[in-house]
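Peer 1: let me see the structure of the following:
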Amino acid sequence: MKSRSLQPQWILLARIGWVLITLFFLTTFILGLPYRYSELAVPCDAPVCPALALSSEDAALIDASPFSIQGYASFHVGLELLTALSMSVMASLLFWKYFDNWMGILTAYLLIYIGLALFVQASLVFATQYPPVEWLYTQLSLLFVPLILLVVFIFPNGRFLNRLSLLAFKICLLAWILDLTRNILGDQVGSLLFLSMLALGIWSQIYRYRHVSTAIERQQTKWVLLGITGLILCMAGWSLFFDIFPRSTPQGLFLTNTIGMAIIYLMAYIFPVSMMIAIMRYGLWGIDVIIRRTVQYAVVSVLLAAAYFGSITLLQGSITAVTGAQSPLAIVLSTLLIAALFNPLRQRVQTAVDRRFYRQKYDKQQVLA
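Peer 2: A predicted model of the protein is given here:
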């Protein structure tokens, strides 16, 4: 089932709105790039500093690493520029080819917000310099809160699951409007309402997938779930970087603020790219191969890691008990064991995954065997 088509007059209004919002965010982003570079190229020791700005102590650590503070600023401005450009190109493609249905329209709006506001700082930096621009920037950014919920509720065919989900969204939208005008909810209640509606939207997606969606719509849902998983891993990975690489050392600060950020930015692309594939319906069934291989190699990696460390502990203990000293022989033998186990273990895990999740493929293989 295709996403719900719109009447020509609504398409025209949506196009005009998209062009105006894109021009605003694009202008603030371009004008904000010099401001963003300046705030990153100068150390900040104030109580509140811009995102990723360095203190004087951090700047000294960066200077002790392969980067200078000017190179550090150029690196982050380059990341933001690349993100804005790529997201704008994807949004423009949707605007040009898929703007006759709800999902194409909503995703084009979302990609502009993600690429020119959410994932970058240059637009906000410029907006804060001029109160009228900051006010408009804030109002437009707030529009994307219900937009995200709407995508969750109506994906992939542009329709609500049932009247109950439509009613729940209308109530949430009314509460959101009242909160903007009269601030009746407060931050905690507003966040709770958003999370509750998000949970309801995810439940409706699960129900839709199991009982309503066609085969194509199920593949579209899988791609979007892959994108959401990528975002979760993106946030989790950023937190782990701070734990693995302490920022109190030059190497740790360099890794977290440069290589770490580059990896996070790359992982963040999973969501928009998966949305593009889901809407364009190009290579939809490739997601099954991705899921299958991901599960397969994740399980194999965990089992091999457990076998490796377990064998090292066991062999090292045995060798120490016999010789009274530790020996690198335990590591050598464990490595050889893992090399010998890899292919048989991979084949067994692949068979188990196919039997559990891809029964039709497994049955065909059994017939051919």
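Peer 1: how about the CA coordinates for stretch 22-35, as PDB?
Peer 2: Output in PDB follows, covering the C-alpha atoms of stretch 22-35 (Å, rounded to 0.1, in the frame of the first residue of the first chain):
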ATOM      1  CA  THR A  22      14.700  25.500   4.400                       C
ATOM      2  CA  LEU A  23      15.800  29.000   3.300                       C
ATOM      3  CA  PHE A  24      15.600  30.200   6.900                       C
ATOM      4  CA  PHE A  25      17.600  27.400   8.400                       C
ATOM      5  CA  LEU A  26      20.100  27.400   5.500                       C
ATOM      6  CA  THR A  27      20.700  31.100   5.800                       C
ATOM      7  CA  THR A  28      21.200  31.000   9.600                       C
ATOM      8  CA  PHE A  29      23.500  28.000   9.200                       C
ATOM      9  CA  ILE A  30      25.700  29.600   6.500                       C
ATOM     10  CA  LEU A  31      25.900  32.900   8.400                       C
ATOM     11  CA  GLY A  32      26.600  31.100  11.600                       C
ATOM     12  CA  LEU A  33      29.700  29.200  10.400                       C
ATOM     13  CA  PRO A  34      32.100  32.000  11.100                       C
ATOM     14  CA  TYR A  35      30.600  32.500  14.600                       C
END
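Peer 1: report the distance from it to the chain centre.
Peer 2: With CA atoms, centre = their mean, to the nearest Å as the basis, stretch 22-35 stands 23 Å off its chain's centre.
Peer 1: okay, buried residues for it please.
Peer 2: Residues of stretch 22-35 classed as buried by neighbour count (16 or more other CB atoms under 10 Å): Thr22, Phe24, Phe25, Leu26, Thr28, Phe29, Leu31, Gly32, Leu33, Tyr35. All C-beta spots, glycine's among them, are computed from the backbone N, C-alpha and C.
Peer 1: cool, stretch 127-145 as well?
Peer 2: Going by neighbour count (16+ other CB under 10 Å), the buried part of stretch 127-145 is Ala127, Val133, Tyr137, Leu140, Ser141, Phe144, Val145.
Peer 1: most widely separated two among those?
Peer 2: The widest separation within the buried residues of stretch 127-145, taken as CB to CB, falls between Val133 and Val145 and amounts to 20.2 Å.
Peer 1: hang on, the earlier thing: in strands only, show me the buried residues of stretch 127-145.
Peer 2: Cross-referencing the buried residues of stretch 127-145 with the strands (criterion: DSSP state E) gives no overlap at all.
Peer 1: adding pLDDT and distance to His211, write those residues out as a markdown table.
Peer 2: Below are the buried residues of stretch 127-145 laid out as a markdown table (pLDDT from 0 to 100; distance: CB to CB, whole Å):
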| residue | pLDDT | distance to His211 |
| --- | --- | --- |
| Ala127 | 94 | 45 |
| Val133 | 95 | 47 |
| Tyr137 | 94 | 42 |
| Leu140 | 89 | 37 |
| Ser141 | 87 | 36 |
| Phe144 | 81 | 30 |
| Val145 | 77 | 29 |
